[in-house]
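> The sequence isn't on hand, but the structure is:
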């Protein structure tokens with residue numbers, strides 16, 4: 001039976017249909033200002049709307065209610081993923097002292113990465129509004145993580161909180177693509193990207209004694225393309241990793257509870 005997989009981030013929503021463990025072509029849109037009618041039209045308006053939707057959302061109560069209402073009006077059973085206290089059929093055990101405090105997007109990404117690379121320790125790096133790094137052993141044990149602003153947020157914060165840099169960034173030459181920019185704009189942009197990449201490499205080194213070897217870096221998210229080329233550790237990019245994780249949970253015998 002087909003399942004609609006929905007990944008609701010801080011600013012964008014991504015969705016795809018899944019059947020037999022195969023994820024179809026994904027669609028994405030900014031969800032600013034969306035209400036139940038928008039969700040119903042965009043996600044549930046096609047003739048192929050399934051009976052079930054599995055949702056990973058970090059967007060907050062108001063948006064989640066609108067999405068749940070849209071699903072109800074479309075006759076679709078909406079299931080919001082919750083982070084489990086113990087390892088389930090997805091074989092991932094959350095390492096947080098209080099598992100419910102782990103972002104559901106991070107949990108689902110770990111599930112997806114562990115399913116793709118089941119015999120390797122992994123650093124899962126998500127780069128969206130925030131940047132997260134989560135460590136999981138080859139045994140599926142989540143060992144904790146790191147959260148920092150993603151490059152775009154680093155840049156926005158710097159420009160909002162400084163006058164001189166903001167003024168000098170406007171206009172002017174691009175200034176090259178290396179670490180040492182030859183314009184203020186390049187210095188700010190490349191500085192943020194290299195800082196993100198440096199954290200990834202440091203995380204991979206710090207992980208070695210915890211998981212027995214240097215982990216494979218699995219990187220995903222909207223800004224992954226700007227950071228991945230700068231990472232020196234063994235690294236693979238995975239498109240739609242959260243949707244892939246949702247597909248694993250959708251096939252699991254212990255499906256998430258209904259919202």
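Received it, and whenever you're ready, just let me know what you need. Keep in mind the model is a prediction, meaning the values are calculated, not measured. Numbers count the residues shown, from 1 in each chain.
> Identify the residues contacting the host helix or strand of residue 227?
Using DSSP states H and E, residue 227 sits in helix 224-227. Residues from elsewhere that reach helix 224-227 (Cβ atoms under 8 Å, 6 or more residues apart in numbering): 125, 127, 151, 193, 196, 197, 200, 219, 237. All C-beta spots, glycine's among them, are computed from the backbone N, C-alpha and C.
> Residue 12: which of these is nearest?
Nearest to residue 12, judged by Cβ to Cβ, of the contacts of helix 224-227 is residue 127 at 12.9 Å.
> in the chain, what secondary structure element scores lowest on mean pLDDT?
Among the helices and strands of the chain, helix 164-169 carries the lowest confidence by mean pLDDT, DSSP states H and E, at a mean of 82.
> Return the distance of it from the chain's centre.
Put simply, helix 164-169 sits 31 Å off its chain's centre (Cα atoms, centre = their mean, to the nearest Å).
> So for that helix, what gets flagged as buried?
Residues residue 169 are the ones in helix 164-169 that count as buried (16 or more other Cβ atoms under 10 Å).
> What is it packed up against?
Using 3 or more Cβ pairs under 8 Å, 6 or more residues apart in numbering; DSSP states H and E, the elements in contact with helix 164-169 are helix 151-161, helix 184-211.
> thought residue 211 was touching residue 121?
Yes - counting by Cβ atoms under 8 Å, residue 211 touches residue 121, with 3.7 Å between them.
> neighbour-wise, which of these two wins?
The residue with more neighbours, out of residue 211 and residue 121, is residue 121; 23 against 19, by other Cβ atoms under 10 Å.
> okay, now residue 176: neighbour count?
Neighbourhood size, residue 176 [other Cβ under 10 Å]: 13.
> Over to residue 6?
By other Cβ under 10 Å, the residues close to residue 6 number 25.
> returning to that earlier point: out of the helices and strands packed on helix 164-169, flag the one nearest residue 131.
Among these, the nearest to residue 131 by Cβ to Cβ is helix 184-211 (5.8 Å).
> who does that closest one touch, helix- and strand-wise?
Against helix 184-211 (3+ Cβ pairs under 8 Å, 6+ apart) you get strand 122-127, strand 130-136, strand 142-149, helix 151-161, helix 164-169, strand 216-220, helix 224-227.
> Apply 6 Å and report the result again.
If you count contacts as 3 or more Cβ pairs under 6 Å, 6 or more residues apart in numbering; DSSP states H and E, helix 184-211 packs onto strand 122-127, strand 130-136, helix 151-161, helix 164-169, helix 224-227.
> buried residues in the shortest one?
Using 16+ other Cβ under 10 Å as the test for burial, helix 224-227 gives 224, 226, 227.
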